[in-house]
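>>> how would this look folded up:
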Amino acid sequence: MVITHIEYLTIYCWLNISELILILNNSPYLKFLNVTLYDLQTLIINDDVYKIYCSLHYLHVTIRDIPFDFVYLLLKHLPQLRSLSVQGSCKDLDFIDGDYWRVLFEQNLFLLSKFRLTIRIRTKKRVNLMEYEQKFQHVYWQNNNKKNGGDYSCECWINLTNKKCVLC
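This next block holds a predicted model:
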């Protein structure tokens, strides 16, 4: 294993979750990471796989067909994150479920002060956007959104309607 002293890293190629975890575990001094993730492999959803030892504060991730469960487990092990930006496209509606994000932030990401979610959901089925919008009406989101001086913003597009929805 080679440990690096890199603090700022942008990777201009597609990585899978395993490659990302390898980079994070070998870069304990990494503070800022900009990366693009895709899912062409099946990972066992096992909490131990995601044990990460780094001091990452800022994460900007572009996703392509990554299941929300993988992102959830990854972020769960990055409690020192202060800024998180997630953008891209996928088929997993869990990415626009405010309850899942809120629980993750309240239980694991105590230092998070900035959050951006810009996601396109590719689906052929009808999606009740009001159901997802309501999940972002929790007092947590109201306290952290831009209207109230916070720095959280969440937007999604649903391919079926190509309608933009501002969630928070």
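
>>> make it CA atoms for all contacts and neighbour counts henceforth
OK.

>>> buried sites along stretch 126-142?
By neighbour count on 16 or more other Cα atoms under 10 Å, the buried set for stretch 126-142 is 129, 132-133, 135-136, 141-142.

>>> list of residues touching the one helix or strand Glu19 maps to?
Using DSSP states H and E, Glu19 maps to helix 17-25. Among residues not part of helix 17-25, those counted as contacts by Cα atoms under 8 Å, 6 or more residues apart in numbering are 30, 37-39, 50, 52-54, 70.

>>> give the buried residues for that helix.
Applying 16+ other Cα under 10 Å to helix 17-25 flags 17, 20-21, 23-25 as buried.

>>> per-residue confidence at the closest residue to Asp97 other than its chain neighbours?
Computed as Cα to Cα, 6 or more residues apart in numbering, the closest residue to Asp97 that is not its neighbour in sequence is Tyr132, at 5.8 Å. We have a pLDDT of 86 for Tyr132.

>>> ok, back up a step: run the chain-centre distance for the helix holding Glu19.
15 Å (Cα atoms, centre = their mean, to the nearest Å).

>>> which strands and helices sit next to the following helix or strand past it?
Next in sequence after helix 17-25, counting helices and strands by DSSP H and E, comes strand 32-38. If contacts are counted by 3 or more Cα pairs under 8 Å, 6 or more residues apart in numbering; DSSP states H and E, strand 32-38 sits against strand 8-15, strand 58-64.

>>> give me whichever of the ones you listed is most buried.
A comparison of the helices and strands packed on strand 32-38 by mean neighbour count, using mean count of other Cα atoms under 10 Å, puts strand 58-64 on top with a mean of 20.

>>> pLDDT on stretch 94-114, on average?
pLDDT averaged over stretch 94-114 gives 93.

>>> what distance do you get for the residue nearest to Asp97 to Phe95?
10 Å (Cα to Cα, to the nearest Å).

>>> so where is the protein shaky, pLDDT-wise?
Scanning the chain with the threshold set as pLDDT under 70 gives 1, 40-51, 146-150, 160-163.

>>> doesn't Tyr53 belong to a helix?
No: counting by DSSP: H, G, I helix; E, B strand; the rest coil, Tyr53 is not found in a helix; it is coil.

>>> tell me, what residue is most central in this structure?
In the chain, the residue lying closest to the centroid (Cα atoms, centre = their mean) is Val86, at 4.6 Å.
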